[in-house]
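In: Got a predicted model here, sequence first, then my questions.
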Amino acid sequence: MRKLQGVRLAADGEAAERALDGLGPDASGLSRRDLAGLLSGRRGRLKTTLTDQSVLAGLGNLLADEICWRARINPLRTARDLDDAELTALHRAMRRVLRESVKAGRVPPRDTWLTGARDEPEAACPRCGTTLSSRRVSGRRTVWCRTCQPG
Ligand SMILES: [Zn+2]
């Protein structure tokens, strides 16, 4: 069973700062340059790095998979190995997916999104129709399209 940490209530700004200590910057406010800086030197997989709250805060399992799918980058890639074009695509996808998800109050399970397809039996990529691939990464089910996101 997966355990979430919980919700904390801070009495004042100082207590809030302490509660946030150890978290990376908020993903929704990251510039492309910030994102490139956070990923550079990271030897872990992209998926693991994106969902590590001490690196950047705010991306959960569905968001990370959706962002990688939209950017056409395989989530099993090594984080530091992305080239400039991939970093740009990843940043653009992150901004769009976060903006739409905040507006919807969740990661919207739309037909045109990975999130809308990933839990279907024999799920297919909404973009190209390839059967989706999945495996566990850091304990979480990770879903991607081997055609749109070649390794
Ligand atoms: Zn595809």
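Out: Sure, I can see it.

In: how about low-confidence regions in the chain?
Out: 1-3 (pLDDT under 70).

In: Quick one: the strands in it, in order.
Out: Shown for the chain, the strands assigned by DSSP state E span residues 133-137, 140-144.

In: Contact partners for the spatially most central residue of the chain?
Out: For the chain, the residue nearest the mean C-alpha position is A64 (1.6 Å; Cα atoms, centre = their mean). Going by Cβ atoms under 8 Å, 6 or more residues apart in numbering, A64 touches K47, L50, T51, P75. The C-beta positions use only the backbone N, C-alpha and C, and glycine is treated the same way.

In: Which of those sits closest to the ion?
Out: P75 (13.4 Å; Cβ to the ion).

In: got a list of what the closest residue in space to that closest one that isn't next to it in sequence touches?
Out: With Cβ to Cβ, 6 or more residues apart in numbering as the criterion, P75 has its nearest non-adjacent residue at 3.7 Å, and that residue is K47. Taking Cβ under 8 Å, 6+ apart, we find K47 in contact with A64, D65, C68, P75, L76, V137, S138, R140, T142.

In: circling back: out of the contacts of A64, who's the most crowded?
Out: In terms of neighbours by other Cβ atoms under 10 Å, these top out with L50 at 28 neighbours.

In: Surely that one is in contact with L56?
Out: Yes: between L50 and L56 there is a contact under Cβ atoms under 8 Å: 7.1 Å.

In: Take stretch 30-43, keep the C-alpha atoms, and write them as CSV.
Out: Extracted as CSV, the C-alpha positions of stretch 30-43 are listed here (Å, rounded to 0.1, in the frame of the first residue of the first chain):
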residue,chain,number,x,y,z
LEU,A,30,9.8,26.9,-13.3
SER,A,31,11.4,28.6,-16.2
ARG,A,32,13.0,26.4,-18.9
ARG,A,33,16.4,27.4,-17.6
ASP,A,34,15.4,26.4,-14.0
LEU,A,35,14.2,23.0,-15.3
ALA,A,36,17.4,22.5,-17.3
GLY,A,37,19.4,23.3,-14.2
LEU,A,38,17.4,20.9,-12.0
LEU,A,39,17.8,18.0,-14.5
SER,A,40,21.4,18.5,-15.3
GLY,A,41,23.6,16.1,-13.4
ARG,A,42,20.7,13.8,-12.4
ARG,A,43,21.7,10.3,-13.1
